[in-house]
Structures are given as structure tokens and as C-alpha cells.
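**Q** Predicted structure and sequence below. I'll ask about it afterward.
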Amino acid sequence: MSDAKRTIIFDFDGTIADTLETIAVLYNDIAEDFHCKKISFDQKERFRSMQTHEFLQTCGISLLKLPILALKIKNELNKEIKNIKPIDGIIEALYDLKQAEYKLGVLSSNSVANIKLFLNNHNLDNIFDFVHSGKNIFGKDKVILRLISKHKLNRSNVVYVGDETRDVEALRRIKVPIIAVSWGFNSKEVLEKLNPDFLVNKPEDLLKIVDSF
């Protein structure tokens, strides 16, 4: 039986919303302005097999440039959000989790405005109990701890669902379980190397995994 007090916190880009290709196009549009290398779409799987720091190094994105790049992309993404589709099967999975009485939230480095526009466009605005934007790209562990405190969540009943190696690393630091998904930014193979608590390949498997806790 599901625990009604358990909270599942979802990443947004690549986990719920299929934004990765759009973000890559927006990045390529401004990459040269920041003296960064463009992403070649025929090397998509090569990039997905990199950990976050390897990807940034390959593209020449320094930690100083990253916040400015991210902000510009978020602002441009607002114009494209109406065209963004959900990950196949994720809507049904979210409704299944909600019906099972889990508390659901979103934590992303994307903007709350973009996320809420997307949720409204796909009739998901009543699914989530909270939507939170955290700007600390490499400090997700600290952002999650602040979120847990803000919403007075029971830390032992929190689960995170994300698609990147940096998610796995951050959640391990604060000892919060993570369900890594293989359909987003990072590939199944590179995620497996970091030994997440769970690794799923299809959204329909999420309820079964959460119920098994």
C-alpha cells in the first residue's frame, strides 16, 4: 500500500518535458557569442554518455559562463514552451502516482513560469503540490534540503526522480533516494556507473518502483 505522506520530487527538463532538443537548438544559437562549441546532433549519444562536467568541458562552457547561458536559454525557452511535448508515457505515470496518493513536486533549474506554462498546456497543473526553481546548478543537494525544509517534508519519505549524473551525485550527498531515468539528458550506461538507488527505462515503471520502497 502506498504511503500518502511520501513525496516524489521530479526534475523537469528531460524527465517530464521533452525539452532537450529545443534547448540544444537554443544553445547552438548563442554558443558562438560565448566562444563555446556548438552541439552536433549526429553526436547526440556521445554527449549523453558524458557526465555533466565532461560535457561542459567538451563544449568549452566555464562555470562563469554557465549561469548566463542558462538564463538566456530559459528566457528563449519561454517562447517555445507551447511546442514542447511531454515524455512519452509520463502523463499517465504521473496520474497513476497521484491516484496512489503520493505527494508530487517539481524541482528544476528551469523557471517556474516555463514549468507552469507547460503543465497548464498539458492539463497537469493540478497534479503537482509544488513547483520550485533552484538556480544553483551544481548545488542541487542544498536546493533540495531547502525545499524539504520549506515544505516541512519528512526527509525519510522523499524520493527524487531525475535524468542526469549530477542528480545522482547530489542526492547521494544528502542520502535521499533517487530514481534515475534513462530517457533524458544522460544515457542508461553512464547513469548505471554511478549506482543510483533505482534506474528505470519507462515511465510506466515509476509507480512500481515507488511502491516497492
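**A** Nice, I can see it.
**Q** Pick out the residue nearest the middle of the protein.
**A** Nearest to the geometric centre of the chain sits D11, at 2.8 Å (Cα atoms, centre = their mean).
**Q** what residues are up against the spatially closest residue to that one that is not a sequence neighbour?
**A** Nearest non-adjacent residue to D11, counting by Cβ to Cβ, 6 or more residues apart in numbering: G162, 3.9 Å away. (Each C-beta comes from the backbone N, C-alpha and C, glycine too.) Contact analysis of G162 by Cβ atoms under 8 Å, 6 or more residues apart in numbering lists 10-11, 15, 168, 171, 178-181, 184.
**Q** One more: I61?
**A** Here I61 is in contact with 34, 36, 69 (criterion: Cβ under 8 Å, 6+ apart).
**Q** mind checking which helix or strand of the chain has the lowest mean pLDDT?
**A** Least confident helix or strand, the chain: helix 44-48 with a mean of 85, by mean pLDDT, DSSP states H and E.
**Q** Can you tell me what sits against it?
**A** Under Cβ under 8 Å, 6+ apart, the answer for helix 44-48 is 39, 55, 58, 185-187, 190.
**Q** if we can go back for a sec, mind listing the residues bridging to the residue nearest to D11?
**A** A180 (DSSP bridges).
**Q** Tell me the confidence at it?
**A** Predicted confidence (pLDDT) at G162: the value is 96.
**Q** Could you report the separation of it from L104?
**A** Noted for G162: a distance of 14 Å to L104, by Cβ to Cβ, to the nearest Å.
**Q** Now the least confident helix or strand of the chain: buried residues?
**A** Of all the residues in helix 44-48, those buried under the rule 16 or more other Cβ atoms under 10 Å are 47-48.
**Q** just stretch 195-202 next, same as before
**A** 196-200.
**Q** For those residues, could you give me CSV that also reports distance to N121, secondary structure and pLDDT?
**A** Shown next, in CSV, are those (distance: Cβ to Cβ, whole Å; DSSP: H, G, I helix; E, B strand; the rest coil; pLDDT from 0 to 100):
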residue, distance to N121, secondary structure, pLDDT
P196, 30, coil, 96
D197, 31, coil, 96
F198, 29, strand, 96
L199, 29, strand, 97
V200, 25, strand, 97
